[in-house]
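J.: Quick one: sequence and predicted model below, then my questions.
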Amino acid sequence: MATLTDSRVAFLATDGFEDSELTSPWEAVQGEGASATLIAPEGLQITGKNGHVQHVDLTSDTAKADEFDALVLPGGVVNADHLRLDKPSIELARSFFEQHKPVAVICHGAWILIEAGVVDGRTLTSYPSLATDLRNAGATWVDEEVVVDEGLVSSRTPDDLPAFNAKLIEEVAEGRHAEQTA
């Protein structure tokens, strides 16, 4: 298994996130030695759709991709819908692609990537209801447990978290991907 000692992984979310899609990858990267930082548009804490409360470390208008090695975008309909309307969150997500850094997205989190304009020509998966949105944005959508496309890791639902977490750790350990572009 890879070790992520000294790696810094950013998580971008807001209220309404799918609890396990934040907590499971968070525990996975920390378990491999990485530090995890929660970024949100505002507030001191956010609450998941099932009640998990998470402390906010940075706001999206102050966070900078160059301070992190990777980005994780948990799902949850409310979370993803709110983030895709937050310009600093969209710009932050896009900057990880511009810097060729790994990005991992699950469930409805792909909406943020559509808004960031980074899915055209990419292959990914998501919650099935986003398939048309992703295709309309130029992506190839597939119904698979986990998809890796040049540093972009994607999965469909909490059922896919074991595979998602494994590929997230692998991609963070590999580092920058020249083909990971905006």
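T.: Perfect, I can see it now. Keep in mind the model is a prediction, meaning the values are calculated, not measured.
J.: which non-adjacent residue is nearest the residue minimising distance to the centre of the chain?
T.: The centre of the chain sits closest to residue 73, judged by C-alpha atoms, centre = their mean, with a distance of 2.2 Å. Spatial nearest neighbour of residue 73, excluding adjacent residues (C-beta to C-beta, 6 or more residues apart in numbering): residue 109 at 3.6 Å. C-betas here are computed from N, CA, C, even on glycine.
J.: Residue 107 now?
T.: Here the residue nearest residue 107, using C-beta to C-beta, 6+ apart, is residue 75, at 2.4 Å.
J.: Please apply the same query to residue 61.
T.: Per C-beta to C-beta, 6+ apart, closest to residue 61 is residue 88, 4.1 Å.
J.: What is the neighbour count of residue 25?
T.: 25 (other C-beta atoms under 10 Å).
J.: Please apply the same query to residue 31.
T.: Counted with other C-beta under 10 Å, residue 31 comes out at 12.
J.: Pull up the gap between it and residue 5, please.
T.: To residue 5, residue 31 is 12 Å away according to C-beta to C-beta, to the nearest Å.
J.: same question, residue 148
T.: Residue 148 is 22 Å from residue 5, by C-beta to C-beta.
J.: returning to what we had before: hmm, the residue nearest to residue 61 is touching residue 39, no?
T.: No: checked against C-beta atoms under 8 Å, the pair residue 88 and residue 39 is beyond contact range at 9.3 Å.
J.: quick one: which of those two has more around it?
T.: When residue 88 and residue 39 are compared for neighbours, residue 39 comes out ahead with 22 against 17, by other C-beta under 10 Å.
J.: part of a strand, is that one?
T.: Yes: if the criterion is DSSP: H, G, I helix; E, B strand; the rest coil, then residue 39 is within a strand.
J.: burial measure for the nearest residue to residue 175 once chain neighbours are set aside, as a count.
T.: Spatial nearest neighbour of residue 175, excluding adjacent residues (C-beta to C-beta, 6+ apart): residue 69 at 7.2 Å. Neighbours of residue 69 under the rule other C-beta under 10 Å: 23.
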